[in-house]
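*Asks:* Fold the following.
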Amino acid sequence: QVRLVESGGGLVQAGGSLRLSCTASEGSFTTVVMGWFRQSPGKPREFLAFTGRVSGTFYADSAKGRFTIPRDNNKKTIYLQMNMLKPEDTAVYYCAATQKAGNYASIDLYDYWGQGTQVTVSS
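*Replies:* Below is the predicted model:
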């Protein structure tokens, strides 16, 4: 069982940066694959990136070059560092965890989800 708590969302101007945090308060952290997703109103949940000890780190095209997902296993925390933000990045951002192997870009693989945090980018 893994419980995820997110923080760090808010309002930022276009071109700015924001860092989200996702902390696992229960369960094993080092063996899970952690992912970040986002969802805008009326759109499906979109994959951004995942990282795991065996899986490595992978970014969706929408995240490459602007987003990174550093991980601190001692703090059981994964971050989503977002730079050069655009208004189209406005969404609710979710972290997720899975102990299964498979397509880590698919929401269906993840068993545990954070509560989501709103990010709003103004133009």
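
*Asks:* okay, CA-based contacts and neighbour counts for the rest of this
*Replies:* Noted.

*Asks:* ranges for the strands of this protein?
*Replies:* Remark: strands assigned in the chain by DSSP state E are 3-7, 10-13, 18-26, 33-39, 46-52, 56-59, 67-68, 71-72, 77-82, 91-98, 112-113, 117-122.

*Asks:* what packs against the fourth one?
*Replies:* Which is strand 33-39. strand 46-52, strand 91-98 (3 or more C-alpha pairs under 8 Å, 6 or more residues apart in numbering; DSSP states H and E).

*Asks:* cool, the fifth one as well?
*Replies:* Under the contact criterion of 3+ C-alpha pairs under 8 Å, 6+ apart, the helices and strands touching strand 46-52 comprise strand 33-39, strand 56-59.

*Asks:* Export these as a markdown table, with columns for distance to residue 80.
*Replies:* A markdown table is the format used below for the helices and strands packed on strand 46-52 (distance: least, C-alpha to C-alpha, whole Å):
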| stretch | distance to residue 80 |
| --- | --- |
| strand 33-39 | 7 |
| strand 56-59 | 11 |
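
*Asks:* Deepest-packed of these, please.
*Replies:* strand 33-39 (a mean of 24; mean count of other C-alpha atoms under 10 Å).

*Asks:* Let me know the distance separating the closest residue in space to residue 69 that isn't next to it in sequence from residue 45.
*Replies:* Once flanking residues are discounted, residue 69 sits nearest to residue 80: 4.7 Å by C-alpha to C-alpha, 6 or more residues apart in numbering. The gap separating residue 80 from residue 45 is 16 Å, by C-alpha to C-alpha, to the nearest Å.

*Asks:* Look at these two and report which has more neighbours.
*Replies:* Set side by side, residue 80 and residue 45 show more neighbours around residue 80, with 23 against 17, by other C-alpha atoms under 10 Å.

*Asks:* For beta bridges, what are the partners of the residue nearest to the spatial centre of the chain?
*Replies:* Taking C-alpha atoms, centre = their mean as the criterion, residue 36 is the residue nearest the geometric centre of the chain, at 2.2 Å. Counting by DSSP bridges, residue 36 forms beta bridges with residue 49, residue 95.

*Asks:* what's the distance between it and residue 59?
*Replies:* 10 Å.
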